[in-house]
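Participant: Fold the stuff below for me.
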Amino acid sequence: MAGAPLPLKGGCQCGALRYEIAQAPLMVYCCHCTNCQKISTSAFCISAAVYEAGVSYVAGAPCRTTWTSDAGNARYGDFCGDCGVRILHGQTPPIGVLSLRAGTLDDPSRARPAGHIWTKSALPWVRFDPDDILCEGQPTDYTPYVERFKAFGIF
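Facilitator: From the prediction side, this is the model:
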C-alpha cells in the first residue's frame, strides 16, 4: 500500500456495508485458528490489524456475532446483514486494535502478510515461506510482525 491514500476503503460483497480506515494498518497476518477456518470457509484468514479509533462505517450498519476464541478470549465479529460477509473482529474488553478482514479492502492486493499465527491448526497442505514469522498459537508479542510489515515499505 505504498503511497496508498488514506482513508483506506472497503466493504462487503453486496456493497450495503462500507467502511473507511483513517490510519495505516499496524500489520497484516494470516490466522490459521479453527474459528478463522470456519468463518472464512477456507484454510486461513488474512487480517489487517487496525486501530479501533480509526475505523468507521460510512454506509449501512453492521450486524454482530460473539464467540470465544481458541485462545479463550471473548470475541465479536461485525458482518453485513444482507450478504453475510465478515468485515472485522474485535475483543471484549476492547484492546484498541481490530482484526479487519483484508479481503474486504477495495484493493486487497496490497495486504501482504508478515507472518502466520495459530500454525498448529494449519491444514497439512499449507506451505509457509521460509522468511515468514510463524507462531503455533496466539502470539504474546506482535512486535516482530509489526516490524516485518513496516520493513515491506507498504506505508
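
Participant: and residue 12, how far is that from residue 95?
Facilitator: Residue 12 is 24 Å from residue 95, where distance means CB to CB, to the nearest Å. Bear in mind the C-beta positions are built from the backbone N, C-alpha and C, glycine included.

Participant: pull the helix or strand with minimum mean pLDDT from the protein.
Facilitator: helix 34-40 (a mean of 86; mean pLDDT, DSSP states H and E).

Participant: tell me which element the most centrally placed residue in the chain is part of?
Facilitator: Nearest to the mean C-alpha position of the chain, counting by CA atoms, centre = their mean, stands residue 47 at 2.0 Å. Here residue 47, judged by DSSP states H and E, is contained in strand 45-51.

Participant: so what does that strand touch, helix or strand wise?
Facilitator: Judged by 3 or more CB pairs under 8 Å, 6 or more residues apart in numbering; DSSP states H and E, strand 45-51 is in contact with strand 27-31, strand 97-101.

Participant: got TSV for those strands, with mean pLDDT too?
Facilitator: As requested, the helices and strands packed on strand 45-51 are exported to TSV (pLDDT from 0 to 100):
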stretch	mean pLDDT
strand 27-31	95
strand 97-101	95
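
Participant: Let's have these in TSV, adding distance to residue 76 and mean neighbour count.
Facilitator: Listed next are those as TSV, based on distance: least, CB to CB, whole Å; neighbours: other CB atoms under 10 Å:
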stretch	distance to residue 76	mean neighbour count
strand 27-31	16	26
strand 97-101	10	23
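
Participant: Distance to residue 148 added to these, as TSV?
Facilitator: Formatted as TSV, the helices and strands packed on strand 45-51 follow (distance: least, CB to CB, whole Å):
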stretch	distance to residue 148
strand 27-31	8
strand 97-101	17
